[in-house]
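>>> based on what follows, work out the 3D shape:
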Amino acid sequence: MKAAGKGPALLRLNNLKRVMTQLRATRVTSRQDLALALELSKNTVSLIVDDLLEQGLINELGPVSVAAAGRPKIEITLRAEKLKSAGIMVERNAIHWRVCDYFSQVIAEQTWNTDTADPALLLPELVEVCQTLHAAHPELLGIAVGFPGIIDPQRGWVHFSAHLGWQDVDVLTPLKNATALPLRIMHNVKAAALLSVQQLDLNKSQSHFYLRIGEGVGGALVEQGEVFVGSSWTAGEIGHMQVQPQGIRCSCGRLGCLETLVSKPAVQQQLSQRKPGLRWQNAASEPQIVNEVMTSTGQHLGQALSPLMQLVNPASIIIDGPWNSHPAFVQAVQQAAQTSTLAFTFTHTQLHFLPQRIDPANGLALAVVEQYERAIA
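Numbers count the residues shown, from 1 in each chain. A predicted model of the protein is given here:
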């Protein structure tokens, strides 16, 4: 599946990447439909498909009966298990990885607790994980490793991570020295954003903003199918938007960040302040208190979404959080966003409240696939 050089060889390689992207999107198709969708000649597509068949990467499912005269369509599908990718997510005191097939279905995964505070100790452990995954899954197209914090994806550096306590750590170099696989270093939330767009089958020609609520609050803008990181890699950091100038001190050192109002620790603090011992896990025991906290949390988030809608103007905002299951939270977000935003802008911004949390490790694995499919200039 490799082609070297320029000119015709490069064109063939980029056509192959387009075919792979289309095969992943459609799951089941035919040579004729591929040629039509990609505006390529039938001969070009047939050569690519025949090559993939010879390598055992495609299955022919058989002819499709058609009323019109002519050669019947032969349905084809990728053998997704033959093309794997891996995502390794580093968190505070934990590592979590997933190996996925080409359709983002999970093949294997593991999570374990470990000390992630010292990069000198953790990096050799990550090297071992990469080497073990490659040995166990030789079909891997690559590995993406995700971190919380300010990440330079080009150099593969963790510039700062409050969660891990890291500053200016070169992650990519030791991993590249240990494995021949293509590698990506990313922010966990930005990787999850890619997967959210795929799962919702959103139009990749538009922009979409993904917002994740957990121990902190993060966000990412997906523009033209790619994550926009900004000039200093902090684009999407909505969690550190100041919404209460005289509010609670945030982990970043500033007062009143959105994270201090809607994150999991923030909501837990509000619940326990209203009634000692009350937690989200036993919220059903005090529905009125929980409704009030969820309403307040939703209002804060909805108000914070207003400048995002008007300045960035995404086609959709995807909210991935633990509070999505509570009707008071969802309603409050919608009402506060609508009240705070220009009516025309609000009506043209779709709000998606994900019913199930996204695993960033899956998003990291998808980032490997999307990098593999990217055209070469």
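>>> now residue 271: how far from residue 32?
Using CB to CB, to the nearest Å, one gets 59 Å for the distance from residue 271 to residue 32. Placement of C-beta: from N, CA and C, glycine included.
>>> apologies, that question was intended for residue 226.
Where residue 32 is concerned, residue 226 sits at a distance of 30 Å (CB to CB).
>>> try residue 130
Look at residue 130 and residue 32: by CB to CB, they are 41 Å apart.
>>> who's more crowded, the two?
residue 130 (23 against 18; other CB atoms under 10 Å).
>>> I'd say that one and residue 180 touch.
No - counting by CB atoms under 8 Å, residue 130 does not reach residue 180; the two are 10.4 Å apart.
>>> in the stretch 1-150 of the chain, where is pLDDT below threshold?
For the stretch 1-150 of the chain, applying pLDDT under 70 flags the ranges 1-6, 65-70.
>>> now the helices for it?
Applying DSSP state H, counting those that start in this stretch to the stretch 1-150 of the chain gives helices spanning 8-26, 31-38, 42-54, 119-136.
>>> so which elements touch the shortest one?
If contacts are counted by 3 or more CB pairs under 8 Å, 6 or more residues apart in numbering; DSSP states H and E, helix 31-38 sits against helix 8-26, helix 42-54, strand 73-78.
>>> could you rerun that using 7 Å?
Contacts defined by 3 or more CB pairs under 7 Å, 6 or more residues apart in numbering; DSSP states H and E place helix 31-38 against helix 8-26, helix 42-54.
>>> okay if I get those as TSV plus distance to residue 159 and mean neighbour count?
Compiled in TSV, the helices and strands packed on helix 31-38 are given as follows (distance: least, CB to CB, whole Å; neighbours: other CB atoms under 10 Å):
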stretch	distance to residue 159	mean neighbour count
helix 8-26	31	17
helix 42-54	40	16
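>>> right, so of those helices, which gets closest to residue 343?
Nearest to residue 343 among the helices and strands packed on helix 31-38 is helix 8-26 (34.7 Å), distances taken as CB to CB.
>>> and the top helix by length along the chain, what does it pack onto?
The helix spanning the most residues in the chain, taking DSSP state H as the definition, is helix 287-311. Using 3+ CB pairs under 7 Å, 6+ apart, the elements in contact with helix 287-311 are helix 259-262, helix 264-274, helix 327-340, helix 343-347.
>>> show me the strands in the stretch 51-200 of the chain, by range?
Remark: strands assigned in the stretch 51-200 of the chain by DSSP state E, counting those that start in this stretch are 58-64, 73-78, 84-91, 94-100, 106-113, 140-147, 150-152, 157-161, 166-170, 183-187.
>>> the longest helix of the chain - what's its average pLDDT?
Per-residue pLDDT values across helix 287-311 average out to 96.
>>> who's in contact with whatever helix or strand comes next after that helix?
The helix or strand immediately downstream of helix 287-311 is strand 316-320, counting by DSSP states H and E. Strand 316-320 has contacts (CB atoms under 7 Å, 6 or more residues apart in numbering) with 192, 196, 200, 202, 208-213, 305, 308, 349-354, 357-358.
>>> how close does residue 289 get to residue 282?
11 Å.
>>> contact partners for residue 293?
267, 270-271.
>>> how close does it get to residue 329?
When CB to CB is the yardstick, residue 293 and residue 329 sit 9 Å from each other.
>>> what do you get for residue 189?
20 Å.
>>> then residue 190?
On the measure of CB to CB, residue 190 and residue 329 end up 24 Å apart.
>>> kindly report the same for residue 369.
According to CB to CB, residue 369 and residue 329 sit 33 Å apart.
>>> the two - which one has more neighbours?
residue 329 (28 against 25).
>>> let me see the contact set for the more buried one.
294, 297-298, 323.
>>> any idea which of the residues you listed is the one closest to residue 99?
residue 323 (30.7 Å).
>>> if we can go back for a sec, ok, which of the strands of the stretch 51-200 of the chain comes nearest residue 20?
Closest among the strands of the stretch 51-200 of the chain, using CB to CB: strand 73-78, at 7.7 Å.
>>> okay, now the sheet partners of that closest one, with direction.
strand 28-30 (antiparallel), strand 58-64 (antiparallel) (DSSP bridges).
>>> and these, which is most packed in?
Mean neighbour count, computed with mean count of other CB atoms under 10 Å, is highest for strand 28-30 among the strands paired with strand 73-78, reaching a mean of 18.
>>> show residues contacting it.
If you take CB under 7 Å, 6+ apart as the criterion, strand 28-30 is touched by 22-23, 61, 64, 73-77.
>>> pull the distance from that strand to the chain's centre.
Between the mean C-alpha location of strand 28-30 and the chain-wide mean there is a distance of 26 Å, by CA atoms, centre = their mean, to the nearest Å.
>>> out of the contacts of residue 293, who's nearest residue 113?
Using CB to CB, residue 267 comes nearest to residue 113 of the contacts of residue 293, at 24.2 Å.
>>> quick check: the closest one touching residue 297?
Yes - under the criterion of CB atoms under 7 Å, residue 267 makes contact with residue 297 at 5.9 Å.
>>> gap between the residue nearest to residue 146 when sequence neighbours are not counted and residue 359?
Once flanking residues are discounted, residue 146 sits nearest to residue 188: 4.0 Å by CB to CB, 6 or more residues apart in numbering. For residue 188, the distance to residue 359 equals 10 Å [CB to CB].
>>> who has more neighbours, these two?
Taking other CB under 10 Å, residue 188 and residue 359 do not tie; residue 188 has more neighbours (28 against 20).
>>> lovely, talk soon.
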